[in-house]
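Asker: I'll drop the sequence and a predicted model, then ask my questions.
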Amino acid sequence: MALSRITYQKVSMKYGIFVGIAHIIYFLIMRLLNLQNRVELSFLSAIFLIIGITVAISQFKKAKGGNINYFQGLAIGATTGVVSSTILALFMVFYLTLFDTAYLAALQTSSLFPLSLSVLSFFVLTIIYGTIPGFLIAFVAMQWFKRADHTIPERI
């Protein structure tokens, strides 16, 4: 693939989809283990976002011959967060409206969500809860990736 055809948007979309799917699988595993009402455990899925953003930035930097603009790295993190959280939010709307309407009531009793939580507000909050951490994770990751002497290790 030519360097000019590789964009941060394409890389962000690809890894955002992977992270979104990982979030859904994690939620379904929690559901199978009857842990979906333990809202605290859902924050462990941030590990997927951290890994996805770090790999996306690394792959973009590698594809660009070791050069990455600081703002491109931040954009990769924010876009990956938006894409992954939108996928999760769409799935959750589907899940809440078709399979488990009582889950929304359980979230309302949690101190992490307001009592007036609706499906629409849950959709928006899910996207916000993925976008802001995505940007912050990229900000931290770019402290490493922006360095000119940072090289990507070769696989053994």
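Answerer: That came through, no problem.
Asker: Report all helices and strands that whatever helix or strand Val19 lives in contacts.
Answerer: Element membership for Val19, per DSSP states H and E: helix 8-32. Secondary-structure packing of helix 8-32 (3 or more Cβ pairs under 8 Å, 6 or more residues apart in numbering; DSSP states H and E): helix 39-42, helix 46-63, helix 70-98. Where you see a C-beta, it was placed from the backbone N, CA and C, and this is true even at glycine.
Asker: Can you mark which positions in the shortest one are buried?
Answerer: What that stands for is helix 39-42. For helix 39-42, burial by neighbour count (16 or more other Cβ atoms under 10 Å) applies to Ser42.
Asker: elements contacting it?
Answerer: If contacts are counted by 3+ Cβ pairs under 8 Å, 6+ apart, helix 39-42 sits against helix 8-32.
Asker: okay, the helices and strands packed on helix 8-32 in JSON lines with mean pLDDT and distance to Thr109 next?
Answerer: Putting the helices and strands packed on helix 8-32 into JSON lines (pLDDT from 0 to 100; distance: least, Cβ to Cβ, whole Å) gives the following:
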{"stretch": "helix 39-42", "mean pLDDT": "74", "distance to Thr109": "10"}
{"stretch": "helix 46-63", "mean pLDDT": "88", "distance to Thr109": "23"}
{"stretch": "helix 70-98", "mean pLDDT": "89", "distance to Thr109": "15"}
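Asker: could you dump those to CSV with distance to Ile127?
Answerer: As requested, the helices and strands packed on helix 8-32 are arranged in CSV below (distance: least, Cβ to Cβ, whole Å):
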stretch, distance to Ile127
helix 39-42, 15
helix 46-63, 13
helix 70-98, 5
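Asker: I'd like to know which of those helices is closest to Phe123.
Answerer: helix 70-98 (4.7 Å; Cβ to Cβ).
Asker: How far does that closest one sit from its chain's centre?
Answerer: A distance of 6 Å separates the centroid of the chain from that of helix 70-98, by Cα atoms, centre = their mean, to the nearest Å.
Asker: The helices and strands packed on helix 8-32: which one's closest to Ser121?
Answerer: Ser121 lies closest to helix 70-98 among the helices and strands packed on helix 8-32, at 11.0 Å (Cβ to Cβ).
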